[in-house]
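Trainee: return atomic coordinates for the entry below.
(chains A and B)
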Amino acid sequence: MIERLRAIGEAVLTTLARVGRGHLFLLQALAGVPSALRRPRLIIDQLYSVGVLSLIIIIVSGLFVGMVLGLQGYYTLVDFGAAERVGQLVALSLVRELGPVVTALLFAGRAGSALTAEIGLMKATEQLSSMEMMAVDPQKRVIAPRLVAGFLAVPVLALIFSFFGVMGGHLVAVEMVGIDAGAYWAQMQANVSFVDDVYNGILKSIVFGFVATWIALFEGYDSVPTTEGVSRATTRTVVHTSLAVLGLDFVLTALMFN
Amino acid sequence: MQSSRLIEIWVGLFAVLGLVALFVLSMRVSNLSDFNEPDGYPLTAYFQNIGGLKVKAPVTVAGVRIGRVTAIELDPDSFSAKVTLMIRPEFNQLPEDTSAAILTSGLLGEQYIGLEPGGSDEYLKPGQRIEYTQSALVLENIIGQFLYNMAAGD
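Mentor: Residues are numbered from 1 along each chain as shown, chains lettered A, B, ... in the order given. Predicted structure coming up:
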């Protein structure tokens, strides 16, 4: 009985300690941001590895998500004689929800896991501690540029995702099913508001980008510096980011669209 | 050196793609382009029942859009709905006896305001009230009236 209580207490304390370390880590990383901004070269390199290299998966997923939305929306709406509204359905679903959320999930899988593995291996091969030996602050040199790059890349990726999704919807609804192109765009334009929908979607993706990058960097930095530890940290990055994004999405949706 | 230049080019392309996406999403997909529509002049109209009319609904003459609904509120004295319409400045010659009706586009479509110009030589001035209005059709009332007429006809 006592043993079990002790185990529960230890688990709670370990979790709390991780949460605390995560926030301290974030503060240190944010403190390193100004010096990272003074060296844009580092940020550009990171933008390439988290942003540009994620482009293919974002574009392809966006196109297919838009095409599926267009087709499923058409099948449902055609029964009500409102097939022209498929443009509105595709655009609102993408801009409000699927764009930010799916982008953040893909980002966690494609770029977040890579960030964790990279930093975890840097730690395992003692690159981080040798930087400290050379009086180079790894928070400023390694963590902060990656944080800035992830923070910038996710909103841009979400915009690109929504854009290609709308194009995918156009491909199916107009080219394949034969809805009038004018009606597709006009219904979309009449019912999608910039402030309520597009802007709130961008805000969402900024929050998601921040959280996803933070989790990925922290898991890498906090990983047990062994082969197994790095692989566990990578898994945790994807799982925790997905959960955090989906949970936050609900909160943000409730705040924004009530 | 060559590869670092390549990276710069790719990141630049990434940023440009993002800007293009933002531009298309704001101008083509959403209604941002409506915002720079000139404001025009306001008219008001009182309706007994506005049905499902919403702010931003179109205002049309002969099916052509000439403005939109900017405000809907309840008049506390007459308990009727006060609807403010913003008409584009080039349509400033609506006759004074113009009538306004709340119509529905299609069977399930959204509701809009249709203006029917009258024959007066006087024009509606900014802020003036449209006197002749026709409320939205409420299905329950129509059915009720129909049943009442049926009963009266017997």
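
Trainee: three-state assignment of the closest residue to residue B:29 other than its chain neighbours?
Mentor: Excluding its sequence neighbours, the residue lying closest to residue B:29 (C-beta to C-beta, 6 or more residues apart in numbering or on different chains) is residue A:91, at 5.0 Å. C-beta here means a position set from N, CA and C on the backbone, and glycine is covered the same way. Secondary structure state of residue A:91, per DSSP: H, G, I helix; E, B strand; the rest coil, is helix.

Trainee: and chain B, what are its domains?
Mentor: According to automatic domain parsing, chain B comprises the domains B:1-30, B:41-144.

Trainee: and the last one, how far apart are its ends?
Mentor: Looking back up the chat, that one is domain B:41-144. Start and end residues of domain B:41-144 are separated by 39 Å (C-alpha to C-alpha, to the nearest Å).

Trainee: coming back round to it: hang on, the residue nearest to residue B:29 packs against residue B:26?
Mentor: No - counting by C-beta atoms under 8 Å, residue B:26 is not a contact partner of residue A:91; they are 11.8 Å apart.

Trainee: let me know the pLDDT of residue 53.
Mentor: The chain I'm using is chain A. If you check residue A:53, the pLDDT there is 91.

Trainee: ah, I was thinking of chain B
Mentor: Value for residue B:53, per-residue pLDDT: 84.

Trainee: can you tell me how far the closest residue to it other than its chain neighbours is from residue A:82?
Mentor: Leaving aside its chain neighbours, residue B:53 sits nearest to residue B:111 (4.8 Å; criterion: C-beta to C-beta, 6+ apart). Noted for residue B:111: a distance of 15 Å to residue A:82, by C-beta to C-beta, to the nearest Å.

Trainee: go on, residue A:148?
Mentor: 45 Å.

Trainee: who has more neighbours, the two?
Mentor: More crowded of residue A:148 and residue A:82, by other C-beta atoms under 10 Å in any protein chain shown: residue A:148, with 22 against 18.

Trainee: for residue 130, grab the count of nearby residues.
Mentor: Just so you know, I chose chain A. The number of residues near residue A:130, taken as other C-beta under 10 Å, comes to 12.

Trainee: wait, chain B
Mentor: Count around residue B:130 with other C-beta under 10 Å applied: 21.

Trainee: next one: the one 5 residues further on
Mentor: Around residue B:135 there are 17 other residues, counting by other C-beta under 10 Å.

Trainee: from chain A, how far off is it?
Mentor: Counting by C-beta to the nearest C-beta, to the nearest Å, the separation of residue B:135 from chain A is 24 Å.

Trainee: which residues in chain B form strands?
Mentor: Remark: strands assigned in chain B by DSSP state E are B:41-47, B:58-61, B:64-74, B:81-87, B:99-104, B:111-116, B:129-130, B:132-134.

Trainee: using TSV, please lay out the ones you listed together with mean pLDDT.
Mentor: As requested, the strands of chain B are exported to TSV (pLDDT from 0 to 100):
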stretch	mean pLDDT
strand B:41-47	89
strand B:58-61	87
strand B:64-74	87
strand B:81-87	89
strand B:99-104	88
strand B:111-116	88
strand B:129-130	88
strand B:132-134	86
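
Trainee: ok, residue A:215 - contacts?
Mentor: Residue A:215 makes contact with A:108, A:112, A:237, A:240-241, A:244 under the criterion C-beta atoms under 8 Å, 6 or more residues apart in numbering or on different chains.

Trainee: restricted to strands, list those residues.
Mentor: Per DSSP E, the contacts of residue A:215 never map to strands.

Trainee: possible to save those residues as JSON lines with pLDDT, neighbour count and distance to chain B?
Mentor: Formatted as JSON lines, these follow (pLDDT from 0 to 100; neighbours: other C-beta atoms under 10 Å in any protein chain shown; distance: C-beta to the nearest C-beta, whole Å):
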{"residue": "A:108", "pLDDT": "94", "neighbour count": "27", "distance to chain B": "19"}
{"residue": "A:112", "pLDDT": "93", "neighbour count": "30", "distance to chain B": "18"}
{"residue": "A:237", "pLDDT": "94", "neighbour count": "27", "distance to chain B": "23"}
{"residue": "A:240", "pLDDT": "94", "neighbour count": "19", "distance to chain B": "26"}
{"residue": "A:241", "pLDDT": "95", "neighbour count": "26", "distance to chain B": "21"}
{"residue": "A:244", "pLDDT": "94", "neighbour count": "18", "distance to chain B": "23"}
